[in-house]
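Asker: A structural model of the following input is requested.
(2 chains)
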Amino acid sequence: MSEVFEIAVIGSGPGGMSAAARAAELKVSHILLEASPQLSNTIFRYQKGKHVMAEPEALPLRAPVPFEAGTREAILDAWDQGMTRLGVNIRYGAEVSAIKKRDDGVFEISIGRSEKVLAKNVVLGIGLQGNIRKMGVPGEDAPFVQYQLDDPDEYEAETIIVVGAGDAAIENAVALAKQNQVIIVNRRDEFARAKEGNLRAISKAIEDGVIECYYGSAPERVDKLSVGRKPGRLILNTPKGRAQVLCDRIIARLGANPPRSFVEACGVVFPNADPASVPAISEKYESNVPGLYIVGALGGYPLIKQAMNQGYEVVEYILGNIVEPADEPLLRAKFETMPGFRSVSSALELVQKSVPLLATITPLQLREFMIDSAIRTPKAGEPIFKRNDYTNSFYCIVSGHVEIVVDEASDKRIRLEAGEFFGEMSLISGRRRSATVHAGQGCVLIETPRRSMQKLINSVDGVKKLVDRTFIERAIRGRFGDEATPAQIREVVASASLQKFKAGEVLFREGDEGDALHLVRVGSLTISRNLGGREVVLSYVPAGNYVGEMAIIGGGKRSATAKAAIATETIRVDRDAFRKLLEQNPLLRARLAQEVKQRTAENITMQAAASGGDIISFLVGQGVGEATDVLLIDESLCVRCDNCEKACAETHGGTSRLDREAGPTFADVHVPTSCRHCEHPHCMKDCPPDAIRRAPNGEVYIADNCIGCGNCERNCPYGVIHMAAKPKQKPGLLQWLLFGAGPGPGESPYDPDSNQKKAVKCDMCKDVKGGPACVRACPTGAAIRISPEQLPEYAYARNP
Amino acid sequence: MHESILDYGRYRYLWVALILSIGSLVAYLWHDPIGVPNGGTWLGYTLGTIGALLILWLLWFGVRKRRYSGASGSARGWLSAHVYLGSTLILIAFLHSGFQVGWNIHTLALALMLLVIFSGFFGVYAYLRYPSLMTRNRANTTRDAMLEEIRELDQQALALADKIDRNIHDVVLRSIQQTRLGGGILAQLRARDDSAQALASLRKAVSTAGASAKADAGSQTMVMMVDFLANQASDAQSDNLRRLIDMVSRKSALATRVARDIQLQALMEVWLYLHVPLSLGLLGALTAHVLSVFFYW
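Answerer: Just a heads-up that it's a prediction; the model follows:
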């Protein structure tokens, strides 16, 4: 049998590379396995000349190879040199297909179909990109077959077959068709998975005869040809029988297998089915499989520097050395403000002991959680946040207590003691704070930003359950607790469950039996009725409100249809449990009956103004349903002067964050391409340095630690984020007005020197006095900003 | 919700303007100067000063509109005030002069001021009238998208025409070369796009092609032409021709819409080319007026 390595590192990204380099430095027997033909494939595939940033700045780098902010080329060069200098034993093109732990504790790593490598310890640093799917037919690895395409302009006058029907395949096919003859092969009869814009582009190209398409066809075999003008051919299985296509090149874009199934096959356990969940790893990066370590993005650490530090540390841990984690000084700086601070480890222990929510998480998760969080020691009586603030951080009480103002008028407060948590309402619903919270005596809090808390909720089942249960209880108590006793509330809570709806899914239909009440927890609903065969939208229900009580109180059928405007989650309260609560509480019943009466009156008003409902449907269709603030332009007032865009550009370093002209119009209401400040911003979903934040007034903005990766630009469904470089300073307005000096308002010449692009988006002018510049600069009053709560009023006002 | 420049702040500046006008009028009627009312009385000076300050303030709008930082009110508030107070200026100026006019620098200032104000009135009309027309004309697309579609239709039509007949190809090519959108200010305002001509010449080309083949092809409508050709030539040919005519018609409709779009935009902007230079002229004349008055005092 061949050599048993001490450490096998899989994946040569920042984490894996740093681990292998450290092992080489310490002269430990090791092997680095990399599937692609070069180091650090993900970074290698960045566009040429891209500026790579080194966040978080405060974190010191601890790795045998250098890394500092710079161009992609400089960084890759430095790494390549480092690897050569240290004599790292690296094998390129080694795609690992399985990892098995033998009974003697040695890992058997299979490469490709037959080869095996043995190692005592495995460091998994494969990132999140996953393995690229191949065609799975004979000849799939022929030299003219490729599975990626960096620059379509590289190819010219070739016959190229593109296999696949997703966005990547379509984008490649359309781009290649400019200078090549392109044939696209689609397994299905239509391009169903593609984005709207791509679908249009490919349909048009096929219709125009620019691209030839084989529908319902699957590749059967790839043949390499030695005679003739073309180097290869693809045999296809088409509905009309077998076809052969001669070609210069085959580009198959079939997506990637997410690494999760591979990791699970290695025996690593994930806490739940949520795709965002990460495997639990110990403080020493060890997974539940002893000897199998996980570093980098796969373990939930997406930043280059973090991953490199982990690579270094993991090797030390494997060798049994004790190293102070690189983040130790950061944590010490955090905890120093805590009264009675002695050491980081004792402080961590104290946190875990006093907050039951954090009792079950691993030490590494706790460290990570604390690094992202802040320790707050507010003075007694100081407000922690105010009602209607838009902040969405989460608080745990380590010691002392806080007071929540449940009724502003009478200043009725309830007390939360040490060990409890608060702030989960806004975290989950993405809406304003529902109450003001004041600090009590000797209060020590941990404030955790949204992303870190969500990461924890997604990774640890126990945390998720506890937060959800508390949410349900507090939500129900908040709505009905004034009249009902705690025991009665508990009974209702016990019958409640969480229910998820996709956008457009119906909660209940007009005429259905009323079987439950729904309290909207995330998302929003539209309420509509069928009037003369036409669906008329009557109102819009944002998170925090309930629907379906009418039928329960009235004891009959649903009077209207409730439909999820966006992906929505509700707390479903069973009819019988709720009826019982009403029977026990005549006062509550009377209050709800009053509300029902008012709602019915509102509905009748809207019914009379049916075209207002059409405006609501239109706006909800434009994503206003998940917005917290949206720019609308009345096109009967807009004189197309573009002063809004100029104002935006002038107040934001030369780049306008809104496109007035783009976007649809209905009944003179125009929704320009501009940020909606979503309740659950799509852009926040995958921001490696957590640079996208929400300000107290609701503005979603990008902080200066943006690394320019472009994830937010891709994730935003409304296309309102751009990558832009900072422009040069301009001369003053009067200089331009009187002497024509420099570019005028809204003009910003392209600066070819700068490739340090960062993401820019609307921040609702949060740092500018007087509110959003677009609205303030509109000379005709066409531009306004509204929040979805104002939708019905707005729609009604526009009813002719 | 949305407020136009007229109803901004519940007609706040209409009221301000009305109060200013009525106040000036009452003062003028109440005032009993020695001799005829003119700019030389105390009321004349007062009204003159108010008017001159108003003019300076109205001119400042051009700067304010481009100042995006700071919080000196909203631009629509400023514009609303600009419109109402600017209108008041007519009355104030006449009361200031005691309705005297003559061939002098003073009346030049007055005339320039009136021209500025009336060009502004057209602006108000344009701002209230044309935006809706523009939206309707655009039919939920953008000008760039329409131009892009025209470009594509042109290419497709050319490719198709090439398949049909050399003669038809020439006609289509000529029509593409002749299509002109936009241009100078007059061309923009006239909104002629010449694409209808292309359709007409295409029809003519089709009918002459038909006429040479068969004598009674004098029929006028296109459909009959196509039918006629369908009998003459192969199915594919007549199908191509039908598609070509569809394309050219569609392009013609689009070109008309783009031309109209340009026209409406031009209408909303053209008055500014009078309003702004004249107001600068007014500033000059006003300075001369004030200086000369003090010089001869």
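Asker: for the rest of this, base every contact and every neighbour count on C-alpha atoms.
Answerer: OK.
Asker: just want the most central residue of the chain.
Answerer: Chain wasn't specified; assuming chain A. Nearest residue to the geometric centre of chain A (Cα atoms, centre = their mean): A:Lys685, 1.3 Å.
Asker: chain B was what I was after
Answerer: The residue lying closest to the centre of chain B (Cα atoms, centre = their mean) is B:Leu267, at 0.5 Å.
Asker: now name the helix or strand holding that residue.
Answerer: helix B:235-270 (DSSP states H and E).
Asker: what residues sit buried inside that helix?
Answerer: For helix B:235-270, burial by neighbour count (16 or more other Cα atoms under 10 Å in any protein chain shown) applies to B:237-242, B:244-245, B:247-249, B:251-252, B:254-270.
Asker: and the chain, what are its domains?
Answerer: Just going to use chain A. Domain ranges of chain A: A:4-131+A:258-318, A:145-254, A:328-461, A:486-608, A:620-797, per automatic domain parsing.
Asker: oops, wrong one, chain B.
Answerer: According to automatic domain parsing, chain B comprises the domains B:12-138+B:271-295, B:143-270.
Asker: report the rounded mean pLDDT for the last one.
Answerer: Per-residue pLDDT values across domain B:143-270 average out to 74.
Asker: and for stretch A:356-367?
Answerer: 85.
Asker: please apply the same query to stretch A:643-659.
Answerer: Mean predicted confidence for stretch A:643-659 is 87.
Asker: and it, C-alpha only, in PDB?
Answerer: What follows is stretch A:643-659 as a C-alpha-only set of coordinates in PDB (Å, rounded to 0.1, in the frame of the first residue of the first chain):
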ATOM      1  CA  ASN A 643     -33.400  65.900 -12.100                       C
ATOM      2  CA  CYS A 644     -34.100  63.000  -9.800                       C
ATOM      3  CA  GLU A 645     -31.200  61.000 -11.300                       C
ATOM      4  CA  LYS A 646     -29.000  64.000 -11.400                       C
ATOM      5  CA  ALA A 647     -29.700  64.700  -7.700                       C
ATOM      6  CA  CYS A 648     -29.000  61.100  -6.900                       C
ATOM      7  CA  ALA A 649     -25.700  61.100  -8.700                       C
ATOM      8  CA  GLU A 650     -24.700  64.400  -7.100                       C
ATOM      9  CA  THR A 651     -25.400  63.300  -3.600                       C
ATOM     10  CA  HIS A 652     -23.800  59.900  -4.100                       C
ATOM     11  CA  GLY A 653     -20.400  60.300  -5.600                       C
ATOM     12  CA  GLY A 654     -21.400  60.600  -9.200                       C
ATOM     13  CA  THR A 655     -23.400  57.400  -9.800                       C
ATOM     14  CA  SER A 656     -27.100  57.500  -9.900                       C
ATOM     15  CA  ARG A 657     -28.700  54.600  -8.000                       C
ATOM     16  CA  LEU A 658     -32.000  55.000  -9.800                       C
ATOM     17  CA  ASP A 659     -33.000  54.600 -13.400                       C
END
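Asker: that one and chain B, any residue contact?
Answerer: Yes - for stretch A:643-659, a contact with chain B is found by Cα under 8 Å from any Cα of the partner chain, at A:647, A:650-651.
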